[in-house]
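Q: next input, structure requested:
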Amino acid sequence: MKDRLGREIHYMRISVTDRCNLRCRYCMPDSPCFLPEAELLSYEELLRICACAVKLGINCFKITGGEPLVRPGLLPFLKALKSMEGVRQVTLTTNGLLLGNLLSGLCEIGIDGLNISLDTLDSQQYTLLTGGGTLEPVLQNLKAAVASPIPVKLNGVLLPETVTQILPLAALAEQMAIDVRFIEIMPVGYGKGIVPVPSSQALQMLQNVYPDLTPCAAKRGNGPAYYWESSRLKGKLGLIDAVSNRFCEQCNRVRLTCTGYLKPCLCFESGIDLKEFLAGGEQELLEKMRTAIWDKPISHCFSQPENMTETHMMSQIGG
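A: Numbers count the residues shown, from 1 in each chain. I've put the predicted structure just below:
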């Protein structure tokens, strides 16, 4: 459906858990207070909401967390969502640590894409940034994923201490058919205390190494990334710059938290708690979702954080 500004909303990011097996410093505190499992939507409840979303014109779904692979029973849920009539695309974002044991199942389901989060190729820095994570299993699972039939993208958050990792991460696209994207840190949760690295800095570094870097005209996915290509690259390089280059006029998404809160914009608390309407009929749920989407804010205000109303961590909202 379209919101009040005429934007076509067809993409929903769904968090299935607030739990994670890492403690990345810009996302989650060292001693997080996780929600009781009883407060999370069941997979059946999530599928009911997805069915209503499809009736409103939403046909692309991104499954996130926390870390979605830590929640038991995820594969049957993904299979049910993928086979739901009207669903065009189901993709998954993960830190990659648990991917090895589930990759064959994801291939069998026919998952449409994997986004693997990785901010550095320095093993010591990785351990420090992630609160104790080990890099090698992620790299092994990344290579296995790229060798599978599933399209793979790698997401690296631009942090002051990982600027030196921009070129090593980009070089992965020389070695394998993978899109490597660099994402500006958003001032949400712990991200508020981090000095942002603008995408323009990353682009300049990339252009210095790949002088034939040119914009890629082809559409690659449903998100706001724009891509660049070079004769030296098997994959593409992408930038997601929500802070320095606001793209709200083309925004096509809403977010559903693991507790059932439908958020039209990451920047604001405004939205609607769908959980309390799950006990009722489908029509009421549809109307509540339609209203929330129709009232989607005009734009975020990341450049004016004093006007933001969102107070939750990214892991609580859904990354």
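Q: next, the residue nearest to residue 237 when sequence neighbours are not counted: secondary structure please.
A: Of all residues not flanking residue 237 in the chain, residue 228 sits nearest, at 4.8 Å (C-beta to C-beta, 6 or more residues apart in numbering). C-beta coordinates here come from the backbone N, C-alpha and C atoms, glycine included. Here residue 228 takes the strand state, with states given by DSSP: H, G, I helix; E, B strand; the rest coil.
Q: and residue 228, how many neighbours?
A: Neighbourhood size, residue 228 [other C-beta atoms under 10 Å]: 20.
Q: that one touches residue 213, doesn't it?
A: Yes - judged on C-beta atoms under 8 Å, residue 228 makes contact with residue 213 at a distance of 4.8 Å.
Q: overlap in contacts, those two.
A: 206, 237 (C-beta atoms under 8 Å, 6 or more residues apart in numbering).
Q: tally of neighbours for the residue nearest to residue 121 when sequence neighbours are not counted?
A: Distance criterion C-beta to C-beta, 6+ apart; nearest residue to residue 121, sequence neighbours excluded, is residue 168 at 4.7 Å. Residue 168 has 13 neighbours, counted by other C-beta under 10 Å.
Q: so, low pLDDT: which residues of the stretch 101-250 of the chain?
A: Residues of the stretch 101-250 of the chain meeting the criterion pLDDT under 70: 187-193, 242, 244-247, 249.
Q: now the helices for it?
A: Along the stretch 101-250 of the chain, counting by DSSP state H, counting those that start in this stretch, helices occupy 123-129, 135-147, 166-170, 172-175, 199-209.
Q: any idea which of those gets closest to residue 42?
A: helix 135-147 (28.0 Å; C-beta to C-beta).
Q: what does that closest one contact?
A: 95-97, 99-100, 103, 114, 116, 118, 120-123, 126-127, 152, 154, 176-178.
Q: try it again with 7 Å
A: With C-beta atoms under 7 Å, 6 or more residues apart in numbering as the test, helix 135-147 has contacts from 96-97, 99-100, 103, 114, 116, 118, 123, 126, 152, 176-178.
Q: for residue 62, state which of those residues is nearest.
A: residue 114 (10.7 Å).
Q: the closest one: what's it in contact with?
A: With C-beta under 7 Å, 6+ apart, residue 114 has these contacts: 92, 94, 145, 150, 152.
Q: need the helices of the stretch 101-250 of the chain in JSON lines (columns: distance to residue 6).
A: Below are these laid out as JSON lines (distance: least, C-beta to C-beta, whole Å):
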{"stretch": "helix 123-129", "distance to residue 6": "40"}
{"stretch": "helix 135-147", "distance to residue 6": "37"}
{"stretch": "helix 166-170", "distance to residue 6": "36"}
{"stretch": "helix 172-175", "distance to residue 6": "35"}
{"stretch": "helix 199-209", "distance to residue 6": "27"}
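Q: so which of the ones you listed is nearest residue 241?
A: Across those, closest to residue 241 is helix 199-209 (C-beta to C-beta), at 3.8 Å.
Q: flag every buried residue along the closest one.
A: 199, 202, 203, 205, 206 (16 or more other C-beta atoms under 10 Å).
Q: re the thing from before, so which of the helices of the stretch 101-250 of the chain gets nearest residue 272?
A: helix 199-209 (32.3 Å).
Q: so which elements touch that closest one?
A: helix 166-170, strand 179-184, strand 237-240 (3 or more C-beta pairs under 7 Å, 6 or more residues apart in numbering; DSSP states H and E).
Q: so what touches that helix?
A: Counting by C-beta under 7 Å, 6+ apart, 158, 166, 167, 170, 182, 184, 213, 237, 239, 241, 244, 245 sit against helix 199-209.
Q: swap the cut-off to 8 Å and go again
A: Residues contacting helix 199-209 (C-beta under 8 Å, 6+ apart): 158, 163, 166-167, 170, 182, 184, 213, 228, 237, 239-241, 244-245.
Q: thinking again about what came up before, wait, which of the helices of the stretch 101-250 of the chain is closest to residue 257?
A: helix 123-129 (24.6 Å).
Q: one step back: among the helices of the stretch 101-250 of the chain, which comes closest to residue 108?
A: So among the helices of the stretch 101-250 of the chain, helix 135-147 is nearest, using C-beta to C-beta, at 14.3 Å.
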